[in-house]
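Novice: Show me the folded form of this:
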Amino acid sequence: MSLIVFPAIDLKGGQVVRLAEGDMNRATVYGDDPAAQALLFAQAGARHLHVVDLDGSFAGHAVNAEAVEKIVEAFPGHVQLGGGIRNREAVERWFDLGVARIVIGTAALKDPAFVKAAARDFPGGIVVAVDARDGFVATDGWAETSDMPVADLARRFEDAGVASLLFTDVGRDGLLKGCNIDATVDLARATGIPVIASGGVAGIADIRILSLHADEGIEGVITGRALYDGRLDLKTALAVAQAAA
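Specialist: Okay, the predicted model is just below:
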């Protein structure tokens with residue numbers, strides 16, 4: 001299995017942005033046409049896309065729905081969507097509109113029965129976001145930190161049929177500090193569930209190292225700011241990921 005490289009499109013007020021450590025007040029705007037950005041990623045060879053409705057993460061429901069729908073319509077590959085998806089109706093709506101996988105974070109902590117039911121009814125379609133701040137689960141757009149260790153939340157879903165875990169080290173996200181590879185690999189080993197790495201990707205070295213761990217359960221990596229700032233070339237990243245297979 002080769003590592004999946006997910007270019008990221010984070011949405012705030014309909015614009016493409018990147019946050020620093022999940023702070024909505026530290027947003028850098030990279031464009032006002034998310035669908036056009038999705039097409040650029042596709043033209044570079046991306047077959048998977050990670051989209052987050054940041055406003056939705058805080059509101060608890062879809063806020064940038066129109067922008068997401070345009071992305072799904074424009075992007076020819078698989079769209080993975082997160083941000084404020086906390087009930088069955090929202091899950092069904094996005095699958096009906098063509099989203100390939102749904103990422104659920106806050107509800108995984110607060111309503112695990114809902115997540116397990118969705119994973120059962122939509123095989124391969126549900127990803128559990130395990131967002132970590134100092135080893136504990138962060139929720140509600142990372143505005144809150146729980147008292148639950150990351151590994152404990154992940155283990156809740158070991159036999160639930162979730163497609164994968166999305167692990168983000170909040171303290172590194174958007175800061176180009178380098179991905180927390182050790183913690184990502186440890187989570188994959190501890191649960192037996194494929195893990196997607198996120199937060200802090202700084203350049204091609206992160207892609208290369210994560211690729212070496214693909215056979216240990218690292219399914220993919222999400223990268224945003226490094227792409228937008230020109231520190232990481234998407235074509236090169238995809239080629240490195242493929243070559244390691």
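
Novice: ok, so what distance separates Val209 from Glu219?
Specialist: Quick fix: residue 209 is Ile, not Val. 15 Å (Cβ to Cβ, to the nearest Å). The C-beta positions use only the backbone N, C-alpha and C, and glycine is treated the same way.

Novice: now swap in Ala202 and tell me
Specialist: From Ala202 to Glu219 the distance is 20 Å (Cβ to Cβ).

Novice: Which one of those two is surrounded by more residues?
Specialist: Glu219 (22 against 18; other Cβ atoms under 10 Å).

Novice: Go ahead and confirm that one touches Val195.
Specialist: Yes - contact status for Glu219 versus Val195: in contact at 6.3 Å, counting by Cβ atoms under 8 Å.

Novice: Overlap in contacts, those two.
Specialist: Ser164 (Cβ atoms under 8 Å, 6 or more residues apart in numbering).

Novice: so how far is the helix or strand of the chain at the bottom of the mean pLDDT ranking from its chain's centroid?
Specialist: Ranking every helix and strand in the chain by mean pLDDT, DSSP states H and E puts strand 136-139 at the bottom, with a mean of 84. Here the centre of strand 136-139 is set off from its chain's centre by 15 Å, with Cα atoms, centre = their mean, to the nearest Å.

Novice: swap in stretch 6-21?
Specialist: 11 Å.

Novice: which sections of this protein are below the confidence cut-off?
Specialist: 141-142, 172-175, 245 (pLDDT under 70).

Novice: So which residues of the protein form strands?
Specialist: Applying DSSP state E to the chain gives strands spanning 4-12, 15-20, 23-31, 48-53, 78-82, 101-104, 126-133, 136-139, 144-149, 164-169, 195-198, 218-223.

Novice: what angle do the second one and strand 48-53 make?
Specialist: To tie it back to what came earlier, the one meant is strand 15-20. Angle of strand 15-20 versus strand 48-53, following axes from the mean of the first three to the mean of the last three Cα atoms, to 10 degrees, is 90 degrees.

Novice: Can you name the residues in contact with strand 15-20?
Specialist: Counting by Cβ under 8 Å, 6+ apart, 8-12, 26-34, 37, 54, 173-175, 224-225, 228 sit against strand 15-20.

Novice: Could you list the paired strands of that strand along with their orientation?
Specialist: Using DSSP bridges, strand 15-20 pairs in its sheet with strand 4-12 (antiparallel), strand 23-31 (antiparallel).
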